[in-house]
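Q: I'd like to go over a predicted model; first the sequence, then the structure.
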Amino acid sequence: MASYRELLTQVKQRIHEIQPVDSEARLGQATFLDVREQDEHDQGTIPGSVFIPRGHLESQAESKLGAKDTPIVVYCAAGARSAFGAETLHQLGYTDVVSMVGGFSRWKNEDRPWITPAALDAEQRNRYGRHILLPEVGESGQQHLLESNVLLLGAGGLGSPAALYLAAAGVGTLGIVDMDVVDASNLQRQILHNMDRIGERKVDSAKKTLTQLNPDVDVVTYDVRLGADNVLDIIDGYDVIVDGTDNFPTRYLLNDASLLKRIPVVHGSIFRFEGQVSVFKPYEGPCYRCLLPQPPPPELAPSCSEAGVLGVLPGIIGSIQAVEAIKLLLDLGDPLIGRLLAYDALDETFRTFKVRRDPECPACGERAAPIVIAEYDEHCLPHAVLADGTQLSH
Ligand SMILES: [Zn+2]
């Protein structure tokens, strides 16, 4: 039976080792793999490293390291765990693996580049533990969510579930635009609010609920009507917009503003027992005007207050919007870009329709005129007055 020293010596004979100086020459080309423990990693790491503690190497290698011929430099604190790690990677089929002699200690002593990674605290690791377990999210993905900004248009039926789940997920900044007050007739579906909040500003009620759910989240409120005069300022700096508005003029206004600012919009709409979701990513997929060049006549497009809506329906559609927002933030899977998901609660069916970008689209088409942000009437044609007050020449 081999002692630890003998075993290490044998392993080192079977793997390749290189010095920190030669490792540094590979920065930017090879994947640097840190196999130390969390607390060691948190105190300092090589920039751009992939972090997999030695105990998780076998289970997480495939999801975090990519192709088997990826060049990999494995390191630990002093070069022993990385030697065993390199052998494990060989056994898993990785063909270009080296272990760094002397580990991070020698690297640091030789004054090579290192950083202190932004890290979750113990409470956050516990709170977001089920996210961190997902290799597709992990600690770095959770960190990214905490640094992300999502703007919700509306603290109503769609905005309620979307905001609750985004806050629970730890999206660090949630902006909410709504100019209404809570009414008892909202409570059938708008689960951000409750009986005690009737008569309160919806944005204030939303902020209370979300802050109680997750104090990590900074809730920024906009108690205004979204209009041509403020839309560009309000959406500026957000990573993703979740659209829960219920009228065509606002959707067209948002579409044009989001194209200008190049911010993706997760669109949701509900009607009686049916809902729809799509993602409009500026100039990568269709926009709202590609999908619907003109709004339907008002008599064919009654609002929820006229036509009614099943209270659970926005819960489903708004939750899907939250999923899409998180996918966009973390660059996960296939977002609904160029696809419209339609849900029918009575049939209990989901259907997906392709939506193509329209080369003739008046907003995002190749020959589209420069976008002008203007107030729209119920036909979604610009009024004669621009945001800055000047006259439009028709
Ligand atoms: Zn378009």
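A: Thanks, I have the structure now. If you're wondering where the values come from, they're calculated on a predicted model, not measured in any experiment. Numbering: from 1, shown residues only.
Q: Only C-alpha atoms from now on, for both contacts and neighbour counts.
A: Noted.
Q: Around the ion, pick out the residues from this protein.
A: 287, 289-290, 361, 364 (CA under 5 Å from the ion).
Q: try 8 Å
A: 283, 286-291, 357-365 (CA under 8 Å from the ion).
Q: Now, of these, which are buried?
A: Buried members of the residues of the chain next to the ion, counted by 16 or more other CA atoms under 10 Å: 286-291, 357-358, 361-365.
Q: for P117, what are its contacts?
A: Shown in contact with P117 (CA atoms under 8 Å, 6 or more residues apart in numbering): 41-45.
Q: Return the distance of F273 relative to I317.
A: 11 Å (CA to CA, to the nearest Å).
Q: How about the backbone phi and psi for the closest residue to the ion within the stretch 51-200 of the chain?
A: Going by CA to the ion, the ion is nearest to L153 of the stretch 51-200 of the chain, at 20.3 Å. Main-chain torsions, L153, degrees, to the nearest 10: phi -90, psi 110.
Q: What count of nearby residues applies to it?
A: Counted with other CA atoms under 10 Å, residues neighbouring L153 total 24.
Q: Which of the helices or strands spans F350?
A: strand 349-354 (DSSP states H and E).
Q: Show me what that strand is packed up against.
A: Secondary-structure packing of strand 349-354 (3 or more CA pairs under 8 Å, 6 or more residues apart in numbering; DSSP states H and E): strand 339-344.
Q: C-alpha coordinates for the helix of greatest length in the chain, CSV please?
A: Longest helix in the chain by number of residues (criterion: DSSP state H): helix 313-330. Extracted in CSV, the C-alpha atoms of helix 313-330 (Å, rounded to 0.1, in the frame of the first residue of the first chain):
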residue,chain,number,x,y,z
LEU,A,313,-53.4,33.4,-16.2
PRO,A,314,-51.0,36.3,-15.6
GLY,A,315,-49.3,34.1,-12.9
ILE,A,316,-48.3,31.7,-15.7
ILE,A,317,-47.4,34.2,-18.3
GLY,A,318,-45.6,36.6,-15.9
SER,A,319,-43.6,33.6,-14.5
ILE,A,320,-42.5,32.6,-18.1
GLN,A,321,-41.4,36.2,-18.6
ALA,A,322,-39.3,35.9,-15.5
VAL,A,323,-37.7,32.7,-16.8
GLU,A,324,-36.9,34.5,-20.1
ALA,A,325,-35.4,37.5,-18.3
ILE,A,326,-33.1,35.3,-16.3
LYS,A,327,-32.1,33.3,-19.5
LEU,A,328,-31.2,36.6,-21.2
LEU,A,329,-29.2,37.8,-18.1
LEU,A,330,-27.3,34.5,-17.9
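Q: Give me the distance from it to the chain's centre.
A: Chain-centre distance of helix 313-330: 10 Å, with CA atoms, centre = their mean, to the nearest Å.
Q: what sits up against that helix?
A: 137, 141, 144-145, 148, 150, 157-163, 165-166, 189, 239-242, 244, 266-270, 273-277, 279, 332-336, 345.
Q: now the buried ones among the residues of the chain next to the ion in TSV, with secondary structure and pLDDT?
A: Shown next, in TSV, are these (DSSP: H, G, I helix; E, B strand; the rest coil; pLDDT from 0 to 100):
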residue	secondary structure	pLDDT
P286	coil	97
C287	coil	97
Y288	helix	96
R289	helix	94
C290	helix	95
L291	helix	93
R357	coil	96
D358	coil	95
C361	coil	94
P362	coil	90
A363	coil	92
C364	coil	94
G365	coil	93
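Q: ok, so of the residues you listed, who is nearest I371?
A: A363 (6.5 Å; CA to CA).
Q: got the contact list for P335?
A: Applying CA under 8 Å, 6+ apart to P335 gives the contacts 279, 324, 327-328.
Q: Just give me the neighbour total for D183.
A: 17.
Q: which residues sit in contact with it?
A: Contacts of D183 (CA under 8 Å, 6+ apart): 198-199.
Q: For it, give me the backbone phi and psi.
A: phi -120, psi 150.
Q: where does it land on pLDDT?
A: At D183, the model reports a pLDDT of 97.
Q: Ok, L65 next?
A: According to the prediction, L65 has pLDDT 90.
Q: swap in D216?
A: For D216, pLDDT reads 93.
Q: count of neighbours near A374?
A: A374, neighbours per other CA under 10 Å, totals 25.
Q: what sits opposite it in the beta ladder?
A: For A374, the beta-bridge partners are L386 (DSSP bridges).
Q: hmm, back to that, select from the contacts of P117 the entry with the lowest predicted confidence.
A: D42 (86).
Q: Ramachandran coordinates for that residue?
A: Dihedral pair for D42: phi -60, psi -30, per degrees, to the nearest 10.
Q: Can you tell me how far it is from the ion?
A: Using CA to the ion, to the nearest Å, D42 is found at 45 Å from the ion.
Q: how far does stretch 61-78 stretch from start to finish?
A: 21 Å.
Q: Give the buried residues for it.
A: 61, 64-65, 68, 71-78.
Q: Mark which of the residues you listed are part of helices, please.
A: Per DSSP H, the buried residues of stretch 61-78 map to helices at 61, 64-65.
Q: Distance to W107 added to those, as TSV?
A: Listed next are those as TSV, based on distance: CA to CA, whole Å:
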residue	distance to W107
A61	23
K64	23
L65	22
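Q: Of the residues you listed, which is the nearest to V203?
A: Lowest distance from V203 to these (CA to CA) belongs to K64, with 39.9 Å.
Q: so what's that closest one up against?
A: Counted by CA under 8 Å, 6+ apart, K64 has contacts 50, 135.
Q: Roughly how far does it sit from R339?
A: According to CA to CA, K64 and R339 sit 29 Å apart.
Q: and stretch 27-39, which residues are buried?
A: Residues of stretch 27-39 classed as buried: 30-36 (neighbour count, 16+ other CA under 10 Å).
Q: go on, stretch 168-185?
A: Going by 16+ other CA under 10 Å, stretch 168-185 has these buried residues: 168-183.
Q: Now that stretch - C-alpha only, CSV.
A: Output of stretch 168-185 as CSV, limited to C-alpha atoms (Å, rounded to 0.1, in the frame of the first residue of the first chain):
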residue,chain,number,x,y,z
ALA,A,168,-36.5,35.8,-5.1
ALA,A,169,-33.9,34.9,-7.7
GLY,A,170,-31.7,37.7,-6.5
VAL,A,171,-31.7,40.1,-9.5
GLY,A,172,-29.9,42.9,-7.7
THR,A,173,-31.9,45.9,-9.1
LEU,A,174,-35.6,45.8,-10.0
GLY,A,175,-37.1,49.0,-11.5
ILE,A,176,-40.9,49.2,-11.5
VAL,A,177,-42.9,51.7,-13.5
ASP,A,178,-46.6,52.1,-12.5
MET,A,179,-48.8,55.1,-11.9
ASP,A,180,-51.8,53.4,-10.4
VAL,A,181,-53.0,52.9,-6.8
VAL,A,182,-54.0,49.5,-5.4
ASP,A,183,-57.7,48.7,-5.9
ALA,A,184,-59.6,45.8,-4.4
SER,A,185,-60.5,44.6,-7.9
